[in-house]
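K.L.:
Here is my input, please return the structure:
(chains A and B)
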Amino acid sequence: GAVVSQHPSRVICKSGTSVKIECRSLDFQATTMFWYRQFPKQSLMLMATSNEGSKATYEQGVEKDKFLINHASLTLSTLTVTSAHPEDSSFYICSARDSAREWDNEQFFGPGTRLTVL
Amino acid sequence: AQSVTQPDIHITVSEGASLELRCNYSYGATPYLFWYVQSPGQGLQLLLKYFSGDTLVQGIKGFEAEFKRSQSSFNLRKPSVHWSDAAEYFCAVGAPYGGATNKLIFGTGTLLAVQP
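P.N.:
Residues are numbered from 1 along each chain as shown, chains lettered A, B, ... in the order given. Below is the predicted model of the structure:
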C-alpha cells in the first residue's frame, strides 16, 4: 500500500516551453502533497505544500508564477514548470500524506521526474 | 532553528561489516524522526520512524535506529551490510504532533558505498 506515482519519469524540453508533472496517490487519499527539488548529490529542497482544493503554500524563494501547482483531487497534484530554462533542470520529487494517517507525519514519495531543459 | 545534521557525507564499508550512520537534530521538542533511503534516480523509501516509546526502532531491510534524547541523535545501524544497501540515506524530522501540512526537515544525506 501507500504507493505514489509520478509521470513522466523523464522529460526533455526546449527552453521557453512549459512542462507538467503529475503526482498521484494510487491507493490512498492525500489531502496534502509536497513538491521537492533535488540537485545532484544534494538533499531535497521543499518547494511547496500542495493542498487539495486550495492554493499551494510556497517556500521562501520559490516563484509561484514559475512553478504552478494544482491539487484538484484527493489523489492528484500537478506541478507545471512554466517557461522553463536550463537552470530549471533538476530532479523533481513529490510526496503525499495519507489523509487517514495525518497524525504521524509520514510522507510517501514518488519515484521522481528528471527534467532536462535544453 | 530546526535542523538536521548528517555529519558524514560519504561512507564506505565492506560487505558484511557493520554500519552506523549518524544523525543529529535541533528541535524545540522531541520530534518525529525518520530515516529514508534513496537509490540512484529513485524516490525515497521509508526505512523506519520513531514517534515515542521504545527508543530502539526496528525497520525494514535489517536496519534499526536508536533515539537518544540527551544527545539529540537518531543514528541508523545495521549489523551486516549487503551490497544492495549502497544508496543515499536521509534522516528527517517532523513536528511531534499530527497535522496535514506538517513539513519534514531533511538532512543533507549520507552516501553509502559497499565494497565487495
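
K.L.:
Pick out the residue closest to the middle of the chain.
P.N.:
With no chain named, the answer covers chain A. For chain A, the residue lying nearest the average C-alpha position, counting by C-alpha atoms, centre = their mean, turns out to be residue A:35 (3.4 Å).

K.L.:
that answer is for a different chain, and I need it for chain B
P.N.:
residue B:35 (3.2 Å).

K.L.:
Do I have it right that that residue meets residue B:44?
P.N.:
No: taking C-beta atoms under 8 Å as the contact criterion, residue B:35 and residue B:44 are not neighbours in contact, 9.9 Å apart. Glycine gets a C-beta too; all of them are placed from N, C-alpha and C.

K.L.:
Quick one: mean pLDDT over the helix or strand that contains the residue nearest to the centre of chain A.
P.N.:
Residue A:35 is part of strand A:32-38 when elements are defined by DSSP states H and E. Mean pLDDT, computed over strand A:32-38, is 94.

K.L.:
neighbouring contacts of that strand?
P.N.:
Here strand A:32-38 makes contact (C-beta atoms under 8 Å, 6 or more residues apart in numbering or on different chains) with A:23, A:25, A:44-52, A:67, A:69, A:71, A:77, A:79, A:90-97, A:99, A:102, A:107, A:112, B:100-101, B:103.

K.L.:
related to what we said a few turns ago, which residues do residue B:35 and residue B:44 both contact?
P.N.:
By the contact definition C-beta under 8 Å, 6+ apart, residue B:35 and residue B:44 are jointly contacted by residue B:90.

K.L.:
any idea of the pLDDT on the residue in chain A that chain B sits nearest to?
P.N.:
For chain A, the nearest residue to chain B under the criterion C-beta to the nearest C-beta is residue A:103, separated by 3.3 Å. Looking at residue A:103, its pLDDT stands at 75.

K.L.:
How many neighbouring residues does it have?
P.N.:
Residues near residue A:103, counting by other C-beta atoms under 10 Å in any protein chain shown, number 14.

K.L.:
Then residue B:64?
P.N.:
The burial metric for residue B:64, expressed as a neighbour count using other C-beta under 10 Å, is 16.

K.L.:
With the one 5 residues further on instead?
P.N.:
The number of residues packed near residue B:69 is 9, by other C-beta under 10 Å.

K.L.:
beta partners for residue B:11?
P.N.:
For residue B:11, the beta-bridge assignment (DSSP bridges) gives partners residue B:112.

K.L.:
Give me the distance between it and chain A.
P.N.:
Distance from residue B:11 to chain A, counting by C-beta to the nearest C-beta, to the nearest Å: 14 Å.

K.L.:
Around chain B, pick out the residues from chain A.
P.N.:
When proximity is defined as C-beta under 8 Å from any C-beta of the partner chain, chain A approaches chain B at A:4, A:6, A:31-32, A:34, A:41-44, A:46, A:49, A:51, A:57, A:91, A:93, A:95, A:97, A:99, A:102-112, A:114.

K.L.:
Skipping its backbone neighbours, what lies nearest the residue nearest to the centre of chain A in space?
P.N.:
Take residue A:35 and drop its neighbours on the chain: the residue closest to it by C-beta to C-beta, 6 or more residues apart in numbering or on different chains is residue A:47, 4.6 Å away.

K.L.:
about what we covered before: I'd like to know which of the contacts of strand A:32-38 are buried.
P.N.:
When neighbours are counted using 16 or more other C-beta atoms under 10 Å in any protein chain shown, the contacts of strand A:32-38 contain these buried positions: A:23, A:25, A:44-52, A:67, A:69, A:71, A:77, A:79, A:90-97, A:102, A:107, A:112, B:103.
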